[in-house]
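Colleague: I'll drop the sequence and a predicted model, then ask my questions.
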Amino acid sequence: MTTTSSSKPVLVIVAALLPTFGIGLKGTLPWKLSKEMKYFRSVTSITTDPSKQNAVIMGRRTWDSIPVKFRPLPKRMNVIITRQDLSTVKPIEGVKFENSIEGAVKMLAGLPEIEKIFIIGGGEVYNLSVSSGLVDNLLITEIKHSKGEDVEMDTFLDKDYILGNFDKVGRDGLLDFIGEVDAGEEVTVKEGDFEYEFALYKRK
C-alpha cells in the first residue's frame, strides 16, 4: 500500500539504463529513442474516461530540459515541484506549482477531472517518490547498449531500493496494466546503438 491518501493511481514512468539504472547525464538523456518517446506520450496521455485527463509531476530542472515548443506537455496537466515560494512563482498557462511531491499528489487527488498521476522526473523526484512509499508501480523502460559499451551517466535511480522492494512482472502483466496503450509487438525494441523493453515493477 502507498502512504499517500490519494484515491487516484500514482505511478513512476522512467527510462533507465541497465544494469546501473542510470537515467541521465548533465540534465539530458544520452539517447534519442523515438518509439520510447511515443510510448511515454501514449501512457501518460491516454485515459479510460475520455472526459478526464492525466497529470504529470516533475521537478523544475526536468521542466527546463523540455524544449520550449513542447511544453507544457499537451493533453496532460503539468505540475512542477519547486523550492520557490509559491506566491512569487511566475504563472505559466496550463501549469500548476507545488512545493512537494506529496502536496502535488494531494492537490491532484482533489481534482475530479484527473484520472492518473505520473511522476516523470528528475532523479531526486523519482527517488523521493519511490522510497517514501508514494508509488506502488514503476513503468521502467529497460535500456541496454546493443554492443555492451559503457554509457556515461551522472543521475541514477536507487537500484538497491527498487530491486529490494519491487518485483518485475511479466509481459502479459504489463499489457494488462497499460490497457489501450500500444507497446508494440516486439518485446525488445532496437533503435540506433540501444535496445530496450518496456517493463512494469510492482511493490512487493
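Modeller: Sure, I can see it.
Colleague: contact partners for residue 13?
Modeller: 40, 43, 44, 118, 119, 120, 138, 139, 140 (C-beta atoms under 8 Å, 6 or more residues apart in numbering). To be clear about C-beta, it is placed using only N, CA and C from the backbone, and glycine gets the same treatment.
Colleague: that one sits in which helix or strand?
Modeller: Taking DSSP states H and E as the definition, one finds residue 13 inside strand 10-17.
Colleague: next helix or strand past that strand?
Modeller: strand 22-24.
Colleague: elements contacting that next one?
Modeller: strand 10-17, helix 123-131, strand 155-156 (3 or more C-beta pairs under 8 Å, 6 or more residues apart in numbering; DSSP states H and E).
Colleague: and residue 99, which of the ones you listed is closest to it?
Modeller: Comparison of these against residue 99 by C-beta to C-beta identifies helix 123-131 as nearest, at 12.4 Å.
Colleague: next, the angle helix 123-131 makes with the strand holding residue 13.
Modeller: Per axes from the mean of the first three to the mean of the last three C-alpha atoms, to 10 degrees, the angle that strand 10-17 makes with helix 123-131 is 120 degrees.
Colleague: and strand 10-17, what's its mean pLDDT?
Modeller: Averaging the model's pLDDT scores along strand 10-17 yields 96.
Colleague: swap in stretch 176-195?
Modeller: 91.
Colleague: can you give me the end-to-end span of it?
Modeller: End-to-end distance for stretch 176-195, by C-alpha to C-alpha, to the nearest Å: 23 Å.
Colleague: so what touches it?
Modeller: 31-36, 39, 42-43, 46, 48, 137, 139, 143-147, 149, 169, 171, 174-175, 196-198, 200.
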